[in-house]
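1. Everything below, folded, please.
(2 chains)
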Amino acid sequence: MEIIFLLIIVSLVFVAILAGVLYWAIRSGQFDDLEGHGHQILMDDDDVKTDDEDTPPS
Amino acid sequence: MFFFDRMSTMSESCFHCGEPIPNKLELIVEIDNQPREMCCYGCKAVAEQILEFGLADYYKHRTSLPTKPEEFIPEDLKKLAIFDNPQVQTEFVSINDDSSKEAKLIIDGISCPACVWLIESRLSSLAGISHVSVNYSTQRSRICWQESVISLSDILSAISRLGYSAQPYNHKQRELIYDNERKSQLIRIGIAGLFGMQVMMIAIALYFGDASGIEKQYRVFFHWISLILTLPVLFYSGRPLLIGAYRDIKNRRPGMDVPITLGLSIAFCSSLWSTLQNTGHVYYDSIVMFVFFILGGRYFEFMSRRKSTAYLDKVSSILPLTATQVHNNGEQEIVELNSLSVSDKVLVKPGEVIPVDGDVYEGRSSVNESLITGESMPVTKTLGMHVIGGSTNVESPLFIKITDVGEHTVLSNISRIIDKASSNKPTTVLLANKIVSVFIVCLLIIAALTAFYWYQADQSQWLAITITVLVVSCPCALSLATPTAFSSAAATLMQYGIALINNDALEKIAKSDCFVFDKTGTLTKGELELVQIEINDSNFKRDDVLQIATALESASEHPLAKAIVNASKNIETIRANNIENFPGQGISGEIEGSWYIGTEQFINEHSSADAIPQKVTAESLRKIILANSTSLIATLYFTDELRENSNTLIQYLKKQGKKIILMSGDHRSIVELIADQLNIDEHQAELKPKDKLDNIAKLQDQGYQVCMVGDGINDAPAFAQADVAIAMTDASDITKLNADVLLLNNKIESLKTMLKIVTKTNRTIHMNFTWALAYNIIALPFAITGFITPWMAALGMSLSSLIVVVNATKITTADYS
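-> Okay, the predicted model is just below:
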């Protein structure tokens, strides 16, 4: 069970890293717009010409 | 996709903006190999721009239609050039480390996420732009650019060519402070959550250890790890609590943070002692939980308060930084808004925000005043009419002569009033704060007694129980109950164009059982209406009379003339010649012979007709007589027209069991007529302002809480006497008023909405207070007797606060129609 000493110390390091990432994420505005980006990924396709663009209303 | 498909089948509306296409206009743009019809050159230009830069995907992805773009005029580009002026830029541009410039823009017309994509894609394709992001939720955008490669005006014009309008905005404001505050709160919560989870995990191990045995070395290790993890939670995340408590103690005004901090410190010190001495119990799990929940509750409170001040943000960011000044020689120049002064002239193009208060001296358009009045329908503005800065010009260009700038405008007055109102605490809140202070002192005494008792009775438990008592009964919910409801209510009222000037008014209105109404301009429009035509010559019909009267009066500005013109809207017009106006008496003119319209005296003097009709229905009804050179044709009677919703309002108030009194300075028979029409039982006529004051004082002596509703200018003494004064105003005179509440949209039915909001608010406050008090009183005995553990107490306390906050936000979302 001695391994638990090591594992918990490791988890401490991870928590510290996570806290740093969280700090960065909030400060750099990752949580400012929770709506827009979700839609944005749908529009990133570069192939302008797709075949189904004029299919009749379904 | 749905929109795209639907639109391809609707050829009669514009492919770009969806507006109907005017007849015989054939503007075709080929999009995705399909000819698409456009409704105007503006849409066509925008669509072509979008295609030119390979952004046709926009049409596939959009989920709602954009607003119709203004026709793009190269002249407008010049206007943007002012933003390149370094002096103007000091207001809103900051310079980054890599010497690029950075600015925030407000972008108008973003209707769906595809717009964001369109703007971002277009701008990032421009050379010299190092960063662009558009926030869909706030419609704000941040751009960074290299001044040496591209100028700000080029960027702005690229945006306007896509059919959006962009304005830099000065973000050294409230908003920035809020943003920072929100972010640091989020980080505090995040840290408390992250570290708290670890502490809880270890705490579970320790609980199991207590139950089934644990080797001492592990327990010591767990204690130390928990201690390390708790430090940032307590001293970083919990810092605001500790500071708050320190401040409260220094000011000798025990607030919420005192028992919280006391609980936290006792728990922490005893845990620290146990850890160092290697004996006893640790409470690290309770500490982290408590801090996390408290911060969570405060974050929600903060956000709901944020919503209620959103109006002020809107006000402070809506005015443009520049205006088009019109010089006396007719030359137009783009200038900074600050450089304008009273009686300068400005041009406001359609779609632009009117930057100043002023009078229209040329042009005719409709103007959206929703920011000030809550009214979403545009209002028509013609020559000589007053426009308010902050409203948006909708239809066509308006030339405006400035009457007020800067500090003196209606908009800054309103925001100052609201700012002041939101900073003065209503008596209910002050009372609640007092109760909370007393409560906290009691709580500290109870906690001390509990500690004393348990220390004697059961040494192993006294600490946990004392902490629980301190935490569970912390009167957070109690202190949040009223202020959150008040701020939600004020925000909601503002949405409906009702400005709360005196915060105490909310409670007083709810208590009012007697409503006193002024007549002219309050229950009535203050405009005359033609009510009856008495025809004396059977050769003429009603329409003939109106036709002749209209022809004579059409050039007059007199209220009676307006009433006649209004009444004959559907009648064919004829022209009268040689119209002659005798001010205060009447008008003469020629339509196949001489005609006269005016007072009895005027007719007697000019026409040989002398048979003045004796059949007068109510002597005081305003009347004029129409006659030709020989005989009397008709008598026209007028009355002050009722406001559209006066009747519903009165019926509503009656149903609520309120006493209604009509007090007017007008003639008795007119007042009687109005009272009769509105079903008001009690009315007093021919009152001087002093009489109104006395009558209200009499009512108050009888025990009534009197709410006075009037235009506020003629009723100033009565306003001062009444318990609550509500002023109907068209927003231009607000500084002169001494009212508690302003109905900025000048609509009587707002009163009904207001009453509903007020009732809802008071019910919410009542409910919140009862709940918070009940929670504390019920939870306390359980804590004292040791039935709940510290972490349960933390959860209970936070939940009770959260319920109160959520309950208050319901005021904003409820339906008041």
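
2. Show me the shaky parts of chain A.
-> Counting by pLDDT under 70, the low-confidence segments of chain A come to A:40, A:43-58.

3. all helices in it, in order from the N-terminus.
-> Assigned by DSSP state H, the helices in chain A fall at A:3-27, A:36-40.

4. for the stretch 351-500 of chain B, same thing?
-> Ranges of helices within the stretch 351-500 of chain B are B:370-373, B:410-423, B:427-457, B:462-472, B:476-495, based on DSSP state H, counting those that start in this stretch.

5. Same list as before, the helices of chain A that is, but in a markdown table and with distance to residue B:639 and mean neighbour count included.
-> C-beta here means a position set from N, CA and C on the backbone, and glycine is covered the same way. Listed next are these as a markdown table, based on distance: least, CB to CB, whole Å; neighbours: other CB atoms under 10 Å in any protein chain shown:
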| stretch | distance to residue B:639 | mean neighbour count |
| --- | --- | --- |
| helix A:3-27 | 64 | 13 |
| helix A:36-40 | 56 | 16 |
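
6. Dump those to a markdown table, plus distance to chain B.
-> Supplementary listing: these in a markdown table, determined by distance: least, CB to the nearest CB, whole Å:
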| stretch | distance to chain B |
| --- | --- |
| helix A:3-27 | 5 |
| helix A:36-40 | 3 |
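
7. would TSV of those with distance to residue B:43 be doable?
-> Converted to TSV, those look like this (distance: least, CB to CB, whole Å):
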stretch	distance to residue B:43
helix A:3-27	40
helix A:36-40	23
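
8. looking at the helices of the stretch 351-500 of chain B, which is buried most?
-> Per-residue neighbour counts averaged over each of these give the maximum for helix B:462-472, namely a mean of 27 (mean count of other CB atoms under 10 Å in any protein chain shown).

9. Go ahead and name everything in contact with that one.
-> Here helix B:462-472 makes contact (CB atoms under 8 Å, 6 or more residues apart in numbering or on different chains) with B:259-260, B:262-263, B:266-267, B:270, B:281, B:283, B:286, B:290, B:443, B:446-447, B:450-451, B:454-455, B:779-780, B:782-784, B:786, B:788-790, B:792-794, B:796-797.

10. again, 7 Å this time
-> Residues outside helix B:462-472 that contact it (CB atoms under 7 Å, 6 or more residues apart in numbering or on different chains): B:259, B:262-263, B:266-267, B:270, B:283, B:286, B:290, B:446-447, B:450-451, B:454-455, B:779-780, B:783-784, B:786, B:788-790, B:793-794, B:796-797.

11. now these: which count as buried?
-> If you count burial by 16 or more other CB atoms under 10 Å in any protein chain shown, the buried members of these come out as B:259, B:262-263, B:266-267, B:270, B:283, B:286, B:290, B:446-447, B:450-451, B:454, B:779-780, B:783-784, B:786, B:788-790, B:793-794, B:796-797.

12. before we move on, back to that, can you list which of the contacts of helix B:462-472 are found in helices?
-> Within the contacts of helix B:462-472, membership in helices is found for B:259, B:262-263, B:266-267, B:270, B:286, B:290, B:446-447, B:450-451, B:454-455, B:779-780, B:783-784, B:790, B:793-794, B:796-797, as judged by DSSP H.

13. can you pull the contacts of residue B:348?
-> With contact taken as CB under 7 Å, 6+ apart, residue B:348 is in contact with B:354, B:393, B:397, B:398, B:400.

14. what about 6 Å?
-> Residue B:348 makes contacts with B:354, B:393, B:398, as judged by CB atoms under 6 Å, 6 or more residues apart in numbering or on different chains.

15. just those: which has the poorest pLDDT?
-> Least confident by pLDDT among the contacts of residue B:348: that is residue B:393, with 83.

16. Tell me the spatial nearest neighbour of that one, not counting adjacent residues.
-> Leaving aside its chain neighbours, residue B:393 sits nearest to residue B:348 (4.8 Å; criterion: CB to CB, 6 or more residues apart in numbering or on different chains).

17. Identify the bridge partners of that neighbour.
-> Taking DSSP bridges as the rule, residue B:348 bridges to residue B:398.

18. Pull up the gap between it and residue B:414, please.
-> 20 Å (CB to CB, to the nearest Å).

19. With residue B:705 instead?
-> From residue B:705 across to residue B:414, the span is 27 Å (CB to CB).

20. Same question for residue B:197.
-> From residue B:197 across to residue B:414, the span is 47 Å (CB to CB).

21. which element is the residue lying closest to residue B:61 once chain neighbours are set aside on?
-> For residue B:61, the nearest residue in space outside its immediate sequence neighbours is residue B:114; the separation is 4.3 Å by CB to CB, 6+ apart. With secondary structure defined by DSSP states H and E, residue B:114 is part of helix B:113-124.

22. So which elements touch that helix?
-> Judged by 3 or more CB pairs under 6 Å, 6 or more residues apart in numbering or on different chains; DSSP states H and E, the packing partners of helix B:113-124 are helix A:36-40, helix B:57-61, strand B:129-135.

23. and the second one, C-alpha only, in PDB?
-> Coordinates of the C-alpha atoms in helix B:57-61 are reproduced here as PDB (Å, rounded to 0.1, in the frame of the first residue of the first chain):
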ATOM      1  CA  ASP B  57     -21.800  28.800 -47.000                       C
ATOM      2  CA  TYR B  58     -23.400  31.500 -44.900                       C
ATOM      3  CA  TYR B  59     -26.700  31.000 -46.800                       C
ATOM      4  CA  LYS B  60     -26.600  27.300 -46.000                       C
ATOM      5  CA  HIS B  61     -25.900  27.700 -42.300                       C
END
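
24. tell me what it is packed against?
-> Helices and strands in packing contact with helix B:57-61 are listed as helix B:113-124; criterion 3+ CB pairs under 6 Å, 6+ apart.

25. now swap in the first one and tell me
-> Helix A:36-40 sits against helix B:113-124, with contacts defined as 3+ CB pairs under 6 Å, 6+ apart.

26. quick one, helices of the stretch 551-700 of chain B?
-> Listed in chain order, the helices found in the stretch 551-700 of chain B under DSSP H, counting those that start in this stretch are B:559-567, B:600-606, B:646-655, B:668-678, B:689-701.

27. Of these, give the one that comes closest to residue B:500.
-> Each of these was checked against residue B:500 via CB to CB, and the shortest separation belongs to helix B:646-655, namely 19.0 Å.

28. buried stuff in the closest one?
-> Using 16+ other CB under 10 Å as the test for burial, helix B:646-655 gives B:646, B:649, B:650, B:652, B:653, B:654.

29. Out of those, the closest to residue B:103 would be?
-> residue B:649 (48.1 Å).

30. Tell me the confidence at the closest one?
-> What the model reports as pLDDT for residue B:649 is 88.

31. looking at it, it is touching residue B:752, isn't it?
-> Yes - the criterion here is CB atoms under 6 Å, and residue B:649 meets it with residue B:752 at 5.3 Å.

32. so who does the residue nearest to residue B:146 when sequence neighbours are not counted touch?
-> In space, and not counting its chain neighbours, residue B:146 is closest to residue B:128: 4.6 Å by CB to CB, 6+ apart. Each residue near residue B:128 by CB under 6 Å, 6+ apart is listed here: B:145, B:146, B:149, B:150.

33. Nearest to residue B:689 among those residues?
-> Each of these was checked against residue B:689 using CB to CB; the closest is residue B:145, at 61.6 Å.

34. how much space between the closest residue to the closest one other than its chain neighbours and residue B:88?
-> Here the nearest residue to residue B:145 in space, its sequence neighbours aside, is residue B:129; by CB to CB, 6+ apart that works out to 4.9 Å. Taking CB to CB as the criterion, residue B:129 is separated from residue B:88 by 20 Å.

35. residue of the stretch 151-300 of chain B with the smallest distance to chain A?
-> Of all residues in the stretch 151-300 of chain B, residue B:190 sits closest to chain A, with a separation of 4.6 Å (CB to the nearest CB).

36. Which helix or strand contains that residue?
-> Taking DSSP H and E as the definition, one finds residue B:190 inside helix B:174-212.

37. what's the angle from that helix to helix A:3-27?
-> Following axes from the mean of the first three to the mean of the last three CA atoms, to 10 degrees, one obtains 160 degrees for the angle between helix B:174-212 and helix A:3-27.
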